[in-house]
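**Student:** Fold the following and give me the result.
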Amino acid sequence: MADEKFFVTKEGLDELLKEQDNLLHVVRDEVIRELQEARAQGDLSENADYDAARDRQARVEARIRELEAMIANAEIIEEDKSKSTAKSVGLGSTVTILDLSTNEEETYSIVGSIEADPLNGKLSNITPLAVSLMDHKVGDTVEIQGVEEPYSVKIISLK
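**Tutor:** Sure thing, here's the model as predicted:
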């Protein structure tokens, strides 16, 4: 993770920064209070509350370090790539496709892997669908490779 670049939209970076701020200034203080309360109960060797607080502290600190690494290596997806003037699918594009096997339309925004949320229309740029769509234009029929059963989609629109 040290030198790996993370592609993220400006909004996605703002969310990472917001989560980091919350962990640093709210959750970390809660964990410290939990540890103090657990210590006040006496014998730490058989104190389940203390063990739980220490476990939570470890998870919080690990997430803070993870966020710091992601933020330090974040590369903002250029805004001009997501405008309606885009000629082909790329990182930051919003693309509507027609699945030719099911005749269903779906719309996805192509984002970095840390922002991916397929149930909400945010598709990671490293998924087989996104990789297959890259650099194609409206009207192109694209064979989706890298999946158990390859299938074809047609690009309906691109923003």
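
**Student:** Could you look up the SS state of the nearest residue to Pro128 once chain neighbours are set aside?
**Tutor:** On the basis of C-beta to C-beta, 6 or more residues apart in numbering, the spatially nearest residue to Pro128 that is not a chain neighbour turns out to be Gly146, at 3.5 Å. For glycine as for every other residue, the C-beta is placed from the backbone atoms N, C-alpha and C. Secondary structure for Gly146, judged by DSSP: H, G, I helix; E, B strand; the rest coil, is coil.

**Student:** Spit out the contact partners of Gly146.
**Tutor:** Neighbour list for Gly146: Pro128, Val131, Ser132 [criterion: C-beta atoms under 8 Å, 6 or more residues apart in numbering].

**Student:** In CSV: the residues you listed, plus secondary structure and distance to Asp21.
**Tutor:** Shown next, in CSV, are the contacts of Gly146 (DSSP: H, G, I helix; E, B strand; the rest coil; distance: C-beta to C-beta, whole Å):
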residue, secondary structure, distance to Asp21
Pro128, helix, 35
Val131, helix, 33
Ser132, helix, 37
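
**Student:** Out of those residues, which end up buried?
**Tutor:** Of all the contacts of Gly146 considered here, the ones buried according to neighbour count by 16 or more other C-beta atoms under 10 Å are Ser132.

**Student:** of the contacts of Gly146, closest to Pro118?
**Tutor:** Within these, distances to Pro118 taken as C-beta to C-beta reach their minimum at Pro128, with 12.1 Å.

**Student:** So what's the gap between stretch 32-50 and the chain middle?
**Tutor:** On the basis of C-alpha atoms, centre = their mean, to the nearest Å, the separation between the geometric centre of stretch 32-50 and that of its chain is 35 Å.

**Student:** Contacts for that stretch next, please.
**Tutor:** Contacts with stretch 32-50, where a contact means C-beta under 8 Å, 6+ apart, come from Ala52, Ala53, Arg54, Arg56, Gln57.

**Student:** Quick one: end-to-end distance for that stretch.
**Tutor:** Across its full length, stretch 32-50 reaches 11 Å end to end, with C-alpha to C-alpha, to the nearest Å as the criterion.

**Student:** average model confidence for it?
**Tutor:** Within the predicted structure, the mean pLDDT of stretch 32-50 is 85.
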